[in-house]
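[1] Sequence first, then the predicted structure:
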Amino acid sequence: MRLFFSLALLFPITLNAFGNAPNCLSTGVVDITFTILTDNYPGETTWNVTDGSGATIMSGGPYGSAQTLYTESICVGPGNFTLSVNDSFGDGMQYEGVIGDYTLIDGAGNILASIVSGGNFGTQALHSFTIEPSAYSGGCTDNTACNYDSTATVDDGSCEFTSCAGCIDSSSCNYNPDATEDDGSCDYSCCPGPGCCTDGMYWDWDLEGCFNINPIDTNLDGCTDLSDLMDILVNYGNCAFLSCGDNIEYEGYSYSTVQIGDQCWFSENCRYLPEVSPSSEGSDTDPYYYVYDYQGTDVTAAQATANYETYGVLYNWPAVYMTEICPSGWRIPTDLEWQTMEMALGMSASEASSTGWRGADQGSQMKDNVQWNGSNLSGFSCLPGGYRYSGGGFQFNGDYGFWWSASESGSYSWKRVLASSVGNVLRDSDALNLGFSARCVRD
């Protein structure tokens with residue numbers, strides 16, 4: 001007669017792993033894992049797996065601990081196999097409501113065998129299963145790797161990221177159409193190629209020749225000026241924007257520019273001011289323009305203030321979205337373009353897409369180091385121009401700078417904020433009638 005104790009109450013379920021899952025991919029075979037939860041009579045239970053020839057390839061039991069989880073794994077090649085689970089008493093793995101359990105799975109998670117419902121399989125339970133040659137395959141499963149294998153189902157650690165690196169600039173001499181990652185090796189000295197071209201010209205690979213960046217710059221000095229007057233009098237004095245870092249003239253003002261990563265930005269706030277309003281006036285739908293602390297409507301008077309000269313113009317969102325605030329070929333940056341710039345300064349992608357104060361010193365890199373307390377390592381030269389608030393009035397000049405994006409967020413729009421007290425960058429959305437600064441980014 002069997003003596004029964006409620007071992008489930010005396011012993012908590014524990015895990016005894018007496019076999020570690022091997023790295024079967026290196027040998028081109030499959031790992032299978034047998035997991036068993038003993039019942040209250042673990043000494044009655046044994047099991048084994050045999051191959052097609054009847055040879056035992058893995059086995060276990062009898063066990064010494066009730067209600068305990070055991071696992072064992074092994075590598076096997078393709079073939080036919082049999083799992084045999086045995087109970088010496090003849091009542092399977094159950095007694096008076098306490099039921100054991102077992103499962104056999106392959107490396108891809110497919111169930112090859114499991115206990116019968118209720119656990120009473122008598123003296124022996126037999127399970128036949130087959131491992132196919134293509135049950136699963138190893139390879140590189142990272143789609144950013146050079147050797148990504150779309151047919152691989154399990155990563156075998158072979159991913160590498162260097163063989164696909166090269167020059168990805170199609171205008172260079174050594175452009176590699178197969179490269180997916182730029183390795184900084186781009187060369188522009190070859191001729192035929194960019195090396196043939198003088199200042200003010202660019203190489204067109206399709207037409208195999210050098211062409212003027214500015215067709216009306218007849219002497220290729222980067223400007224249409226007195227020396228070009230005899231040819232194109234009407235364009236006298238209109239300087240071409242050649243490359244980022246050059247100034248660009250717009251609405252009678254010469255804006256400085258800066259390269260940050262792959263983007264070209266204004267390195268000062270927009271000054272476009274077709275009209276000006278006092279802070280008491282505003283709208284969510286119509287363009288409004290403000291100059292900090294100026295409460296009149298005279299554009300000339302507003303432009304004569306020190307705040308206009310230093311910080312430029314504060315715009316409600318319709319003004320940056322609907323009007324010609326940027327020159328041709330430039331635009332107000334989207335929220336994603338702000339994120340791209342922040343990541344170029346070292347912010348992670350997850351931080352850049354989050355809200356609130358993000359990053360480490362990216363704000364300090366963006367803040368001016370002469371008229372504010374930043375390092376300005378980016379050359380972005382942000383200044384604390386304050387903002388116009390919706391109730392009418394100006395605030396935070398000297399302490400905070402606010403900049404619009406072109407991206408809406410519901411009934412609001414995304415913005416960026418820098419502060420004297422911190423070195424990171426705030427990203428959140430705000431009401432469209434507020435007055436913030438603006439920057440332009442090149443198309």
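    Cool, got the structure. Just so you know, these numbers come straight off a predicted model, no measurement behind them.

[2] All the helices of the stretch 1-150 of the chain, in order from the start?
    Assigned by DSSP state H, counting those that start in this stretch, the helices in the stretch 1-150 of the chain fall at 7-10.

[3] how about low-confidence regions in it?
    Applying pLDDT under 70 to the stretch 1-150 of the chain flags residues 1-29, 133-137.

[4] Which parts of it are strands?
    Counting by DSSP state E, counting those that start in this stretch, one finds strands in the stretch 1-150 of the chain at the ranges 14-17, 30-37, 45-50, 56-60, 68-76, 79-87, 94-95, 98-99, 101-106, 111-114, 124-131, 138-139.

[5] Mind putting these into JSON lines with distance to D187 and mean neighbour count?
    Just so you know, the C-beta spots here come from the backbone N, C-alpha and C atoms, and that holds for glycine as well. As requested, the strands of the stretch 1-150 of the chain are exported to JSON lines (distance: least, C-beta to C-beta, whole Å; neighbours: other C-beta atoms under 10 Å):
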{"stretch": "strand 14-17", "distance to D187": "56", "mean neighbour count": "11"}
{"stretch": "strand 30-37", "distance to D187": "48", "mean neighbour count": "22"}
{"stretch": "strand 45-50", "distance to D187": "60", "mean neighbour count": "20"}
{"stretch": "strand 56-60", "distance to D187": "58", "mean neighbour count": "15"}
{"stretch": "strand 68-76", "distance to D187": "49", "mean neighbour count": "18"}
{"stretch": "strand 79-87", "distance to D187": "56", "mean neighbour count": "18"}
{"stretch": "strand 94-95", "distance to D187": "75", "mean neighbour count": "19"}
{"stretch": "strand 98-99", "distance to D187": "71", "mean neighbour count": "17"}
{"stretch": "strand 101-106", "distance to D187": "51", "mean neighbour count": "18"}
{"stretch": "strand 111-114", "distance to D187": "57", "mean neighbour count": "16"}
{"stretch": "strand 124-131", "distance to D187": "52", "mean neighbour count": "15"}
{"stretch": "strand 138-139", "distance to D187": "34", "mean neighbour count": "20"}
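
[6] Which pLDDT does the model give E160?
    Listed pLDDT for E160 reads 89.

[7] which residues touch it?
    Residues near E160 by C-beta atoms under 8 Å, 6 or more residues apart in numbering: 140, 145-147.

[8] Now that we have those residues, which of them are buried?
    Buried members of these, scored by 16 or more other C-beta atoms under 10 Å, are 140, 145-146.

[9] still on that earlier bit, can I get the strands of the stretch 1-150 of the chain in CSV including distance to R358?
    Below are the strands of the stretch 1-150 of the chain laid out as CSV (distance: least, C-beta to C-beta, whole Å):
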stretch, distance to R358
strand 14-17, 41
strand 30-37, 42
strand 45-50, 53
strand 56-60, 52
strand 68-76, 43
strand 79-87, 53
strand 94-95, 56
strand 98-99, 52
strand 101-106, 42
strand 111-114, 44
strand 124-131, 50
strand 138-139, 36
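
[10] picking up where we left off before, of the contacts of E160, just say which sits nearest to T103.
    C140 (29.5 Å; C-beta to C-beta).

[11] what helix or strand does the nearest residue to that closest one once chain neighbours are set aside sit in?
    Using C-beta to C-beta, 6 or more residues apart in numbering and skipping residues adjacent in sequence, the residue nearest C140 is C159, 4.0 Å away. Following DSSP states H and E, one finds C159 outside all helices and strands.

[12] Below-threshold pLDDT in the stretch 201-350 of the chain: ranges please.
    206-212, 214-222, 224, 228-241.

[13] I'd say M93 and Y102 touch.
    Yes - counting by C-beta atoms under 8 Å, Y102 is a contact partner of M93 at 7.5 Å.

[14] intersection of neighbour lists for the two?
    Taking C-beta under 8 Å, 6+ apart as the contact rule, M93 and Y102 both touch 85, 115.

[15] which one of the contacts of E160 is nearest D430?
    Nearest to D430 among the contacts of E160, with distances taken as C-beta to C-beta, is A145, at 40.7 Å.

[16] Please give me every residue in contact with the closest one.
    A145 neighbours (C-beta under 8 Å, 6+ apart): 159-161.

[17] Among those residues, pick out the one closest to G122, please.
    Nearest to G122 among those is C159, at 48.9 Å by C-beta to C-beta.

[18] which ones are touching that closest one?
    Applying C-beta under 8 Å, 6+ apart, the residues near C159 are 140-142, 145, 147-148.

[19] Out of the residues you listed, which two sit at the greatest distance?
    Maximum pairwise distance in those, criterion C-beta to C-beta, is 10.5 Å, between T141 and N147.

[20] and S353, how far is that from Y289?
    31 Å (C-beta to C-beta, to the nearest Å).

[21] what does A431 give?
    17 Å.
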